[in-house]
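> got a predicted model here, sequence first, then my questions.
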Amino acid sequence: MHALRSPLSLLLVAALSSLASADAIERMNPERLRATHERVEALKRERVPVELKGGYEDYRALLHVHSAFSHDSRGTLEEIVPAAKATGVRVIMFSEHPANHYDYFKDGHNGVVDGVLLIPGAETGGYLAYPTRSIQGEKTGSPQEFSDLVRRDDGLIFLCHLEERMDWDIAGLTGSEIYNTHADFKDEVKFLGALRTPLGMLGLVPAVKQYPQEVFAALEDYPTDYLKKFDEMCQKARHTGVSANDAHHNQAYRGRLTDEGKVQLEDALGKKLLSLDPEKLALIKPLVAGKKAGDMVFELDLDPYERSFRHVSTHLLMKELTRDAVWDALKAGRAYVAFDWMADPTGFVFRADRGDESWPIGGEIPGAADVRLRAAAPLSGTFKLIRNGRVTLEREGTSLDSTITEPGVYRVEVWLNMAGEPRPWILSNPIYVRE
Ligand SMILES: [Zn+2]
């Protein structure tokens, strides 16, 4: 707490509370950040291994990650792979912005580096595309044609940034993003507004320093619109839901002292923003004391890879760490999305049983008779069983067990209480119970 008692923290409270109430801003209240952090630490101690077996190993994977191939990132493998190691991530599926000067498939990050499987791909035309060969320069017309091109040779294709294409109706998709960090953040108008003023920016420094992950997560909301669209799509055809980290490491601000004694602000891509005069800004003045030209006066780094990687991921249920196994899991929907920043969900199980038969997440079951749906997680929370987009059952505890009678598309959510607020932790893919 001590860092938050600094004058800057008072400023934070003043700067942020002058903005009308928004969820993210409320969650950045110093007391709330502390309580959230304590809850995260307590959950680490409360975790118990799941006894129910799913028959697969659980691998943390990331989709939608940008590196320096993309015009809006400077990320290198020297930065990205250690961030993956630190957060237990075993698979990174890149999504570079394509450009003429490189071929994202041939030149992109590929293969196992230090135990992390790297898979090249692109964010293009409204999709995350993972072709199995170079498609550089191949022209397609409609979004449907592009999807067909990627799928033809067993590539994977997911709708991305759903908020921009709610009306799309594409046949043959692998799946869709059901959460996108960037989309989640960009509606936080008040927070983004605060970042545009030196006062707001400086005000955030102590909180980000003390509770970096919790500040990042303050911006997270339940992806209502994404899941509504996803539920509709799954009722028409199988779709695999994935999370999009949309990691770039490009949301950082630095202030350096210039030869003229001004503080020059620049962003993560080196773009010069404002020049501040410490003589005119009482707030800046104490920060430059004892500093010489060229010194960093302050730094506000909001999205280093490690933080973005810890926030959310797509857990793949596989038997080995290979590209083929990744393809298999994503095509079969054997995956779930988790906000890992809250707690490690590894071992989460959602399965369907009938007699001696059992189906994992993504399974398709002929007929609803005697189907028992079971889910279990390593922590106690609120389990929600959702059928065709509607919650049909809610249970508190570490598991859910329900014998169903109706066909439908069933998925599970697990919510945890974080500092007085229920927040989504696990979003499973569906099990499809057919007529
Ligand atoms: Zn992106």
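Right, received. Where do you want to start?
> ok now the longest strand seen in the chain, how far from the chain's centre?
Using DSSP state E, we find that the single longest strand of the chain is strand 371-387. The chain centroid and the centroid of strand 371-387 are separated by 22 Å under CA atoms, centre = their mean, to the nearest Å.
> and the following helix or strand past that strand, which strands flank it?
The C-terminal neighbour of strand 371-387 among helices and strands, as given by DSSP states H and E, is strand 390-404. The pairing partners recorded for strand 390-404 under DSSP bridges are strand 371-387 (antiparallel).
> could I have the CA atoms of the partner strand written out in PDB?
Coordinates of the C-alpha atoms in strand 371-387 are reproduced here as PDB (Å, rounded to 0.1, in the frame of the first residue of the first chain):
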ATOM      1  CA  VAL A 371     -26.600 -37.700 -21.100                       C
ATOM      2  CA  ARG A 372     -24.900 -36.600 -18.000                       C
ATOM      3  CA  LEU A 373     -22.900 -33.300 -18.300                       C
ATOM      4  CA  ARG A 374     -20.100 -32.900 -15.700                       C
ATOM      5  CA  ALA A 375     -17.700 -30.100 -15.100                       C
ATOM      6  CA  ALA A 376     -15.100 -29.500 -12.400                       C
ATOM      7  CA  ALA A 377     -12.500 -26.900 -11.700                       C
ATOM      8  CA  PRO A 378      -9.600 -26.500  -9.200                       C
ATOM      9  CA  LEU A 379     -11.400 -23.800  -7.300                       C
ATOM     10  CA  SER A 380     -14.800 -23.200  -5.900                       C
ATOM     11  CA  GLY A 381     -16.900 -20.800  -7.900                       C
ATOM     12  CA  THR A 382     -20.200 -20.300  -9.600                       C
ATOM     13  CA  PHE A 383     -20.800 -22.800 -12.400                       C
ATOM     14  CA  LYS A 384     -23.300 -21.900 -15.100                       C
ATOM     15  CA  LEU A 385     -24.600 -24.400 -17.600                       C
ATOM     16  CA  ILE A 386     -25.700 -22.600 -20.700                       C
ATOM     17  CA  ARG A 387     -27.900 -24.200 -23.300                       C
END
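> got the buried residues for that strand?
Buried residues in strand 371-387, counted by 16 or more other CB atoms under 10 Å: 371, 373-387. Where C-beta positions appear, they are placed from N, C-alpha and C, glycine not excepted.
> just confirm R151 is within a helix.
Yes: counting by DSSP: H, G, I helix; E, B strand; the rest coil, R151 is located in a helix.
> how many other residues sit next to the residue nearest to it when sequence neighbours are not counted?
Nearest non-adjacent residue to R151, counting by CB to CB, 6 or more residues apart in numbering: G172, 5.5 Å away. For G172, the neighbour count with other CB atoms under 10 Å is 12.
> got a list of what G172 touches?
By CB atoms under 8 Å, 6 or more residues apart in numbering, G172 lies in contact with S147, D148, R151.
> how about 10 Å then?
Applying CB atoms under 10 Å, 6 or more residues apart in numbering to G172 gives the contacts Q144, S147, D148, V150, R151, R152, I157, A237.
> now do the SS call for it.
Per three-state DSSP, G172 ends up coil.
> for R74, same thing?
Assigned by three-state DSSP, the conformation of R74 is coil.
> you'd agree it is up against P304?
No: R74 is beyond contact range of P304, at 11.8 Å (criterion: CB atoms under 10 Å).
> which neighbours do the two share?
H249, A268.
> which of those two has more neighbours?
P304 (19 against 15).
> quick check: closest non-adjacent residue to that one.
In space, P304 is closest to H249, 5.7 Å off (CB to CB, 6+ apart).
> mind pulling the model confidence for the residue nearest to R151?
What the model reports for G172 is a pLDDT of 96.
> over to the one 10 residues further on?
Among the per-residue scores, H182 holds a pLDDT of 87.
> please enumerate the helices of the stretch 301-435 of the chain.
Taking DSSP state H, counting those that start in this stretch, the helices of the stretch 301-435 of the chain run over residues 305-311, 323-332.
> quick one: buried residues of the last one?
Across helix 323-332, burial judged by 16+ other CB under 10 Å covers R323, A325, V326, W327, A329, L330, A332.
> of those residues, closest to the ion?
Nearest to the ion among the buried residues of helix 323-332: L330, at 18.2 Å, using CB to the ion.
> surely the closest one and L316 touch.
Yes: counting by CB under 10 Å, L330 does reach L316; the two are 7.1 Å apart.
> overlap in contacts of the two?
What both L330 and L316 touch, as defined by CB under 10 Å, 6+ apart, is the set A61, T240, V242.
> beta partners of the spatially closest residue to T174 that is not a sequence neighbour?
Computed as CB to CB, 6+ apart, the closest residue to T174 that is not its neighbour in sequence is L156, at 4.4 Å. Going by DSSP bridges, L156 is paired in beta bridges with Y130.
> quick one: L156 and M418, what's the gap?
33 Å (CB to CB, to the nearest Å).
> compare those two and say which one has the larger neighbour count.
Shown here are L156 and M418; by other CB under 10 Å, L156 has more neighbours (25 against 22).
> in contact with that one, which residues are there?
63, 93, 119, 121, 127-132, 150, 173-175, 240, 242, 326-327, 330-331.
> output the longest helix anywhere in the chain as PDB - backbone C-alpha positions only.
The residue-count maximum for a helix in the chain (DSSP state H) belongs to helix 30-46. The C-alpha coordinates for helix 30-46 follow below in PDB (Å, rounded to 0.1, in the frame of the first residue of the first chain):
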ATOM      1  CA  PRO A  30      -6.400   1.700  -4.600                       C
ATOM      2  CA  GLU A  31      -8.400  -0.200  -2.000                       C
ATOM      3  CA  ARG A  32     -10.100  -2.300  -4.600                       C
ATOM      4  CA  LEU A  33      -6.800  -3.100  -6.300                       C
ATOM      5  CA  ARG A  34      -5.300  -4.200  -3.000                       C
ATOM      6  CA  ALA A  35      -8.300  -6.400  -2.300                       C
ATOM      7  CA  THR A  36      -8.300  -7.900  -5.800                       C
ATOM      8  CA  HIS A  37      -4.500  -8.700  -5.400                       C
ATOM      9  CA  GLU A  38      -5.100 -10.300  -2.000                       C
ATOM     10  CA  ARG A  39      -7.900 -12.400  -3.500                       C
ATOM     11  CA  VAL A  40      -5.500 -13.600  -6.300                       C
ATOM     12  CA  GLU A  41      -3.000 -14.600  -3.700                       C
ATOM     13  CA  ALA A  42      -5.600 -16.400  -1.600                       C
ATOM     14  CA  LEU A  43      -6.900 -18.300  -4.700                       C
ATOM     15  CA  LYS A  44      -3.300 -19.700  -5.200                       C
ATOM     16  CA  ARG A  45      -3.500 -21.200  -1.800                       C
ATOM     17  CA  GLU A  46      -7.000 -22.600  -2.100                       C
END
